[in-house]
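Trainee: fold the following, please.
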Amino acid sequence: METLAVFFIQHQQLITIVILSIFLGIEVIGRVPSVLHTPLMSGANAIHGVVVIGAIIVMGTAPADDYLALTLGFLAVVLGTLNVVGGFVVTDRMLEMFSKKKKS
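Mentor: Below is the predicted model of the structure:
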């Protein structure tokens, strides 16, 4: 427990920046008009692609006996991949709504 307190004290500025970034992100996303959701979803897919690559790098550099890093890395790869694939499926469906229908 003492090491956790020391960690928070040493990284207080970084933790504050992350918390403020979360609040800023919530405010920005909450005020986006529905017309812009498709481009934002494509951007989110790109960001999650970076998350997947980062998780693969973490898993590759983690020691073989560090089960926490390997488990969290694997979980990040699986969830990030699901998010990317699901986002592209939803984006494709949204774009199909705006395409011209073929005449029979």
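
Trainee: C-alpha only now, for contacts and for neighbours.
Mentor: Noted.

Trainee: what segments of the protein are helices?
Mentor: Ranges of helices within the chain are 2-10, 12-30, 37-61, 67-97, based on DSSP state H.

Trainee: least reliable of these going by mean pLDDT?
Mentor: Confidence, taken as mean pLDDT, is least for helix 37-61 of the helices of the chain (a mean of 81).

Trainee: redo the helices of the chain as CSV? Include mean neighbour count.
Mentor: Shown next, in CSV, are those (neighbours: other Cα atoms under 10 Å):
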stretch, mean neighbour count
helix 2-10, 10
helix 12-30, 11
helix 37-61, 16
helix 67-97, 15
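
Trainee: which residues sit in contact with the residue nearest the centre of the chain?
Mentor: Note on the chain: the residue nearest the mean C-alpha position is H48, at 4.3 Å, using Cα atoms, centre = their mean. H48 makes contact with 80-81, 83-84 under the criterion Cα atoms under 8 Å, 6 or more residues apart in numbering.

Trainee: distance of it relative to L40?
Mentor: 12 Å (Cα to Cα, to the nearest Å).

Trainee: and L95, by the same measure?
Mentor: Per Cα to Cα, L95 is found 13 Å from L40.

Trainee: on that earlier part again, tell me how far the residue nearest to the centre of the chain lies from R31.
Mentor: For H48, the distance to R31 - Cα to Cα - is 22 Å.

Trainee: can you give the domain ranges for the protein?
Mentor: Domain assignment of the chain by automatic domain parsing yields the ranges 1-31, 35-96.

Trainee: which residues does stretch 69-81 contact?
Mentor: 48-49, 51-53, 55-56, 58-59, 62.

Trainee: in terms of contact, does M41 touch G87 like I think?
Mentor: Yes: the pair M41 / G87 is scored as a contact, 6.5 Å apart, by Cα atoms under 8 Å.

Trainee: which one of the domains of the chain lies closest to K102?
Mentor: For the domains of the chain, proximity to K102 was assessed by Cα to Cα; domain 35-96 is nearest, at 12.0 Å.

Trainee: picking that back up, dump the contacts of H48 to TSV, plus distance to G73.
Mentor: Converted to TSV, the contacts of H48 look like this (distance: Cα to Cα, whole Å):
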residue	distance to G73
G80	10
T81	12
N83	15
V84	16
